[in-house]
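Colleague: Here is a sequence together with a model predicted from it:
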Amino acid sequence: MEGLVNLVNGIIWSPALIYLCLGAGLFYSIMTRFVQVRLFGEMIKLLFTGKSSTDGISSFQALAVSLAGRVGMGNIAGVAAAIGFGGPGAVFWMWIVAFLGASTAYVESTLAQIYKEKDVVTGEYRGGPAYYFERALGQKWYGILFAIASILSCGMFLPGVQANGVISAFAQLMGEGTIMNVAGLEVGSMRLVGLAIILVILGVIIFGGIKRIATFTEFAVPFMALGYIVLALIIMFSNFSLIPDVFGMIIGDAFTAQAGFGAAIGWGVKRGIYSNEAGQGTGPHAAAAAEVEHPSQQGLVQAFSVYVDTLLVCSATAFMILSTGMYNIQGTLPDGQFIVQNVAATTEINAPAFTQMAMESVYGTFGNAFIAIAVFFFAFTTILAYYYIAEVNVAYLTRFLGRNANKTGLFLVKVLIMAMVAYGGLNSAGYIWAIGDIGVGLMAWLNIVGILVIFIVARPTLTMLKDYEAQRKAGVARYSFDPAKFGIKNAPYWEERHLADQKRTNVDPLRK
């Protein structure tokens, strides 16, 4: 089974996908005149201006939910794996994919806002790639295909990676405990305790819906991310004299490639996309749930989330690991010999171990404990985000089948994700990461190809950007969006909203 998983993973993550991700990001950057740089200040402003409603969540809450999906094991164990298999130069390529990917995040999240709708059962906003593929491309089959891929990826493949990281960090902190045989697996009793805690908390939150998920992530994600970055900065400044050397390793190895140029770019892009999710098609689900005045606003907020994820949190991890020397680099030869070995050869690369050791080397036991706690919050909130994505796509598939079908589908996906958390928490890390990579790659292929076709055929996101910048330049008191004005069809939410705005304006002629 593991051999088949690795074979499929290798096919999906061929060089074609690597260069498709980079090429799409560069294309959108050029077409939007590098919106991720020009409107950086506007991104910050928008974080704190939006408000939630009975139907939608605020821009900041949507950012928190999408960051919950982005800031996870990819930031802690994923960066360690990128360095361990691709060398320090992989970090450079993570930066590149984040910078270019911010424009991709703008495009896909703006599309999600344009083509969102109100759920027929809950009344909440729903949207994402499945919705915009059906409405913008007029290809319902492609929307259904993406929805199925998302449910498989976010409901089955990806939660196990996060759960495995949580359980590994918990076991490293608490010890394995008594070794027990569970379904043919040798498992420490403390792993079972950690898994039980996760499943109970997960069940309580996911049965509460998007509002409860948003409320939890709105607090947990910024708190842990800020604390993590602060501790990482302290480590960096305690090794201040080594910072130029670390930059030198990252930049130099990106092109001379200690572990091979292909390894550096391949692992950097793969782990970069896994971490910041730009182009993967996960971020648009949370973006669609936001209450905003104009579709471009949430696109800009989601572009900013890519910076937070990779340029801040991932960079913090990389500098911790490289400045303390707590890493190995494993070659790609059949015997897997180490090119660089600074820590024990038995240390698992696809795990938070490098990061925990880096923290522990400066903060002692507290550092190890903090990373375990950070891993818990980062990975747990990511599991919540994955559940929400799977929920949205189940709602998409069942939205015309009636309330009973919708409720049954949502209940089944809750059970599914909890089962996969249990499965991932108890299996080997390398195997689980390979399954997760299949999920990421499958969604990325479908989403990037789809949004490229939409952009080439209709360019609605570029039109939205121009309209938003024109209104911003005019200094309007309240932004507005009329899809008919731009020839955009099948945008039911915005069509109804524009009609309601017109009615209110006619009633109150002084309203601007």
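Modeller: Perfect, I can see it now. Numbers count the residues shown, from 1 in each chain.

Colleague: tell me what the helix or strand hosting Ala130 is packed against?
Modeller: If you go by DSSP states H and E, Ala130 is part of helix 129-137. With contacts defined as 3 or more Cβ pairs under 8 Å, 6 or more residues apart in numbering; DSSP states H and E, the packing partners of helix 129-137 are helix 89-114, helix 140-152, helix 283-288, helix 365-398, helix 429-457. In short, each C-beta sits where N, CA and C put it, glycine included.

Colleague: quick one: it to helix 140-152, angle?
Modeller: 170 degrees (axes from the mean of the first three to the mean of the last three Cα atoms, to 10 degrees).

Colleague: and helix 129-137, average pLDDT?
Modeller: The average of the pLDDT scores along helix 129-137 is 94.

Colleague: how far does that helix sit from the chain's center?
Modeller: 20 Å (Cα atoms, centre = their mean, to the nearest Å).

Colleague: got the angle for it vs helix 429-457?
Modeller: With the same axes, to 10 degrees defining the directions, helix 129-137 sits at 20 degrees from helix 429-457.

Colleague: Touching helix 129-137 from outside, list them.
Modeller: Defining contact as Cβ atoms under 8 Å, 6 or more residues apart in numbering, one finds that helix 129-137 is touched by 108, 111-112, 114-117, 139-140, 142-144, 146-147, 150, 281, 284, 288, 393, 396, 446-447, 450-451, 453-454, 457-458, 460, 489-491.

Colleague: What subset of the residues you listed is buried?
Modeller: 108, 111-112, 114-117, 142-144, 146-147, 150, 281, 284, 288, 393, 396, 446-447, 450-451, 454, 458, 460, 490-491 (16 or more other Cβ atoms under 10 Å).

Colleague: sorry, back to before: packed most tightly, which of the helices and strands packed on helix 129-137 would that be?
Modeller: Highest mean neighbour count among those (mean count of other Cβ atoms under 10 Å): helix 283-288, with a mean of 32.

Colleague: centre of the chain versus that helix, how much separation?
Modeller: Distance, stretch centre to chain centre, for helix 283-288: 11 Å (Cα atoms, centre = their mean).

Colleague: what's that helix in contact with?
Modeller: 62-63, 65-66, 69-70, 105, 108-113, 116, 125-129, 131-132, 277, 298-299, 301-302, 305, 385, 388-389, 392-393.

Colleague: repeat for stretch 233-252
Modeller: Stretch 233-252 is contacted from outside by 88-89, 91-92, 316, 318-320, 322-324, 358-359, 362, using Cβ under 8 Å, 6+ apart.

Colleague: closest to Gly194 among the residues you listed?
Modeller: The closest of those to Gly194 turns out to be Met359 (Cβ to Cβ; 19.0 Å).

Colleague: In this structure that closest one contacts Val375, no?
Modeller: No: using Cβ atoms under 8 Å as the test, Met359 is too far from Val375 to be in contact (10.9 Å).

Colleague: per-residue confidence at Phe207?
Modeller: 77.

Colleague: An error on my part: the question was meant for Ile57.
Modeller: 65.

Colleague: same thing with Pro509?
Modeller: The model's pLDDT for Pro509 equals 44.

Colleague: Let me have the helices and strands packed on helix 129-137 in TSV, extended by mean pLDDT and distance to Met236.
Modeller: Shown next, in TSV, are those (pLDDT from 0 to 100; distance: least, Cβ to Cβ, whole Å):
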stretch	mean pLDDT	distance to Met236
helix 89-114	90	14
helix 140-152	92	37
helix 283-288	88	28
helix 365-398	83	14
helix 429-457	82	27
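
Colleague: need those helices in CSV with distance to Met190, can you?
Modeller: Listed next are the helices and strands packed on helix 129-137 as CSV, based on distance: least, Cβ to Cβ, whole Å:
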stretch, distance to Met190
helix 89-114, 32
helix 140-152, 31
helix 283-288, 33
helix 365-398, 12
helix 429-457, 16
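
Colleague: With respect to Phe219, which of these lies nearest?
Modeller: helix 365-398 (10.0 Å).

Colleague: quick one, the closest one and helix 140-152 angle?
Modeller: Using the same axes, to 10 degrees, the inter-axis angle of helix 365-398 relative to helix 140-152 is 150 degrees.

Colleague: hang on, the earlier thing: please identify which of the helices and strands packed on helix 129-137 is closest to Phe48.
Modeller: If you check each of the helices and strands packed on helix 129-137 against Phe48 by Cβ to Cβ, helix 283-288 wins as the nearest, at 16.9 Å.

Colleague: what element comes up after that closest one heading to the C-terminus?
Modeller: Downstream of helix 283-288, the first helix or strand assigned by DSSP H and E is helix 295-306.
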